[in-house]
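Novice: Mind folding the following:
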Amino acid sequence: MFFEKNENIELLEKFLSSVDVLAVKDKIIENRLLLVTKIIEFISKSPSEWDKRCSFNMQCSGKDFINNISSFNYANPTNVDLLYSTAYRFLCEFDFFRAYGVESDSRLRSVFIEIQKDIDGMNDSIKPQMIYALYQMPVEMLKNLVNNPKTTSFIEF
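Specialist: Coordinates of the predicted model:
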């Protein structure tokens with residue numbers, strides 16, 4: 001249990017209500033903050049589902065994600081990139097582990113599309129993290145799954 005923890009749910013809800021009143025002048029920061037907010041809204045609406053499907057990132061960057069939300073500077077939201085890249089990692093994993101034959105939720109898909117547009121135009125230090133989440137992280141998740149001692153039936157297949 002990670003996102004389902006009461007203190008994490010409260011923190012996510014506090015973030016959502018605090019971000020809702022921000023006026024950001026930089027369009028890139030504003031867009032990234034909006035996308036982070038959408039991802040956090042998805043998480044806060046079904047935390048148990050995100051807990052089930054995001055164990056890799058909970059283990060790798062979950063504490064940092066919560067700490068970054070907790071320490072987010074609402075007065076100067078230029079530090080949104082840390083949240084943005086980590087929220088994107090969670091989104092990618094969540095989508096990766098959706099049930100076989102089930103299409104992505106259209107609202108999630110629209111967030112993916114908006115983030116992809118942003119990645120295509122990036123020239124800042126966050127771009128490698130975003131590319132990692134999209135391409136390398138699924139390989140790492142699959143390696144963890146295949147190499148897990150409890151996954152013998154897959155190996156014997």
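Novice: residues touching N57, list them.
Specialist: Applying CB atoms under 8 Å, 6 or more residues apart in numbering to N57 gives the contacts F65, T86, R89, F90, E93. C-betas here are computed from N, CA, C, even on glycine.
Novice: could you redo the last one with a cut-off of 10 Å?
Specialist: By CB atoms under 10 Å, 6 or more residues apart in numbering, the contact set of N57 is 2, 50, 64-65, 86-94, 133, 137, 141.
Novice: what about it, distance to E140?
Specialist: Separation of N57 from E140 (CB to CB, to the nearest Å): 10 Å.
Novice: got it, and F42?
Specialist: Separation of F42 from E140 (CB to CB) stands at 22 Å.
Novice: Restricted to buried residues, select the contacts of N57 in ChimeraX.
Specialist: Selection of buried members from these for ChimeraX, criterion 16 or more other CB atoms under 10 Å:
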select :2,50,65,86,87,88,89,90,91,92,93,94,133,137,141
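Novice: Which one of the contacts of N57 is nearest to R109?
Specialist: Taking CB to CB as the measure, R109 lies nearest L91 of those, at 10.6 Å.
Novice: Run a quick check on the closest one versus V111, I expect a contact.
Specialist: Yes. Counting by CB atoms under 10 Å, V111 is a contact partner of L91 at 6.7 Å.
Novice: Find residues that contact each of these two.
Specialist: Shared contacts of L91 and V111, defined by CB under 10 Å, 6+ apart, comprise L35, V36, K38, I39, F42.
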